[in-house]
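Student: Have a look at this prediction, sequence included:
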Amino acid sequence: MRLGSSHWRQDRPWFLAVLAIAALACAPVAAIAFLALGAEAGVWSHLATTVLPAALADTVMLLSGVAVLAGSIGVVTAWLVAAHDFPGRRLFEGALLLPLAMPAYIVAYTYVDLTEYFGPVQSVLRFAFGFRSRQDYWFPDLRSMPGAICLLGLVLYPYVYLTARAMFMMQSSCVIDAARTLGAGPRAAFFQIALPLARPAIAVGVALALMEAMNDIGAVEYLGVRTLTVSIYTTWLNRGSLGGAAQIALLTLAVIIGLIVLERWARRNQRYASQAQRQRRMTRLRLTGGGASLAVLACAVPFALGFAVPALRLAVLATRATLAEGLPDGFALALSHSVILAAIAATLAVAFGLTIAWSLRVTRTPGLHGLARLAGLGYAIPGTIFAVGMLTPLAAVDNAANALAKAWFGFAPGLILSGSGFALVLAYSVRYLSVAAGSIEAGFQKISPHLDMAARNLGRTSLQTVREIHVPLIRPALGTAALLVFVDVMKELSATLLLRPFDYDTLATLLYQQAARGLFENGALAALTIVAAGLGPVLLLAHLSRPADMPSLSRASAGAML
């Protein structure tokens, strides 16, 4: 489609703005490819024989286990809450989302602290049964592959629960009622009707959970699992091979692309629509006696293990440490760093997201939607890979600036971008751009296009229209977008570890260092602060995911997942 010159003149600024944002998102991927191809000869063969076999095997095993565990918990709890009535159902409807507020690395640190030899769990066991040493009894070691699978599954199942529950609730009761009329019992109706209909949503939820598992570095490293993401970190910092880290990053990107392709393949030809003008939701099956008890247990265990137990332990440790010694060393400074970085990154991400969402609304330039999808690429890339890819472009700009400054003024200012908080802010804002853009685009969808036409007829330009009309109307969506990005930045660990300036700690890195030293109790207050910050968006999500709000939730989720 060819556009007229007048349309192109109007659309060009917005098209170029989206192009620049997309270039920022794609630059790290291009830099990784450049670094990998320019690595020294023999690096790849060394990695292929020493590092990659174990790392790839651990990654596949971890992802497979998390997919099974998170998928099972998410689907079972979603079906129980959506299609059954039992004591506490309304409470569990929102409570099952709360593990989303718990970063995986915090859960890992907490459970290791609880279950280590001198921790409360084993201490109680020795006291209760009279055991004198470790040789007198067997206790599972959480610092293992099964431990990592269990802990990550308990934290990540809400992704599957949320998408599956939304699909179960939107299914018309006519189909289920017809199946029951034909003699199908509740179990058959679930396995033969409800589950196949919800398979596309389940595939999306599992894919999101696996993306988060691939991004994690704090939990899996602490639990002794050497995934590809951990190998990038150790190859770069411990072995000093940036080219080798880039080569592992390329392989990790291939695995991520494979996950995306697998998710799309899993829901191929899965398109269902109801022709009824008014759908009647399923009548919940009331459970009593043993069935009700099992339903309560099935919902209570994931909530307790994924949120309640670690949150309670963090509260106890933080209170005890604070009362005994006051605020931990470095906590106030790390908190200020986290809040400042998160606020700046959230503002920048909202500005980028607003630019993309408005451009998609007002321009007709071919290829703009493709650029918008490229701009949201960062969310699918683990923070470790994103950090590796950010270094080369930033270093190139720093080197050019130093050369110019030395030629003109006789001195070199040093690492202006890559050695400051600028690198962190840019990485955060680009990586979480799709979260902001999705929320803002959902807000724009609620505004009639007639307002745009009226503003144009009154002589307003595009910039004046968005500033004077749309921004006030979508203020709640802008606030939601800023809140989501703010919280994601507060708990981000992977990219922060690699891009932060020397001796510059956030709450996440402070906690990481304390846990690595075996002083988790000193970092408990930082962990509790991160969890408390994450509760706001999760509670908002629980509110939006009520049945009456399902349509708006679906639009926002679709935009955020890109």
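Tutor: Arrived safely, thanks for sending.
Student: Just list the residues touching the most centrally placed residue in the chain, thanks.
Tutor: For the chain, Glu212 is the residue whose C-alpha lies nearest the centre (C-alpha atoms, centre = their mean; 5.4 Å). When contacts are counted by C-beta atoms under 8 Å, 6 or more residues apart in numbering, Glu212 touches 104, 156, 159. Heads up, the C-betas are built off the backbone N, CA and C, glycines and all.
Student: right, and the last one touches Gly205 too?
Tutor: Yes: under the criterion of C-beta atoms under 8 Å, Tyr159 lies in contact with Gly205, with a separation of 4.6 Å.
Student: Looking at those two, which one has more neighbours?
Tutor: Applying other C-beta atoms under 10 Å to Tyr159 and Gly205 shows that Gly205 carries more neighbours, namely 29 against 24.
Student: list the contacts for that one?
Tutor: 71, 74, 159-164.
Student: let's see 7 Å
Tutor: 74, 159-160, 162-164 (C-beta atoms under 7 Å, 6 or more residues apart in numbering).
Student: where exactly do the helices run in the stretch 1-150 of the chain?
Tutor: For the stretch 1-150 of the chain, the helices defined by DSSP state H, counting those that start in this stretch cover 5-37, 43-50, 52-83, 89-95, 104-115, 120-129, 145-170.
Student: what about those, which gets the closest to Leu327?
Tutor: Judged by C-beta to C-beta, the one of the helices of the stretch 1-150 of the chain that comes nearest to Leu327 is helix 104-115, at 18.8 Å.
Student: Show me what that closest one is packed up against.
Tutor: helix 120-129, helix 145-170, helix 218-222, helix 309-325, helix 524-544 (3 or more C-beta pairs under 7 Å, 6 or more residues apart in numbering; DSSP states H and E).
Student: The same query, at a cut-off of 8 Å, please.
Tutor: helix 120-129, helix 145-170, helix 218-222, helix 309-325, helix 507-516, helix 524-544 (3 or more C-beta pairs under 8 Å, 6 or more residues apart in numbering; DSSP states H and E).
Student: Let me know the average pLDDT across the first one.
Tutor: Same thing as helix 120-129. Confidence over helix 120-129, taken as the mean pLDDT, stands at 89.
Student: Count the residues that sit near Val204.
Tutor: Neighbours around Val204, by other C-beta under 10 Å: 23.
Student: Leu404 now?
Tutor: Neighbour count for Leu404, taken as other C-beta under 10 Å: 11.
Student: Just say helix, strand or coil for it.
Tutor: Secondary structure, DSSP: H, G, I helix; E, B strand; the rest coil: Leu404 is helix.
Student: re the thing from before, to Ala401, which of the helices of the stretch 1-150 of the chain lies closest?
Tutor: Minimum separation from Ala401 across these (C-beta to C-beta) falls at helix 5-37, 16.8 Å.
Student: quick one, the closest one and helix 43-50 angle?
Tutor: Orientation check (axes from the mean of the first three to the mean of the last three C-alpha atoms, to 10 degrees): helix 5-37 against helix 43-50 gives 60 degrees.
Student: Quick one: list the elements packing against helix 5-37.
Tutor: Judged by 3+ C-beta pairs under 8 Å, 6+ apart, the packing partners of helix 5-37 are helix 242-266, helix 331-362, helix 368-375, helix 383-409, helix 421-431.
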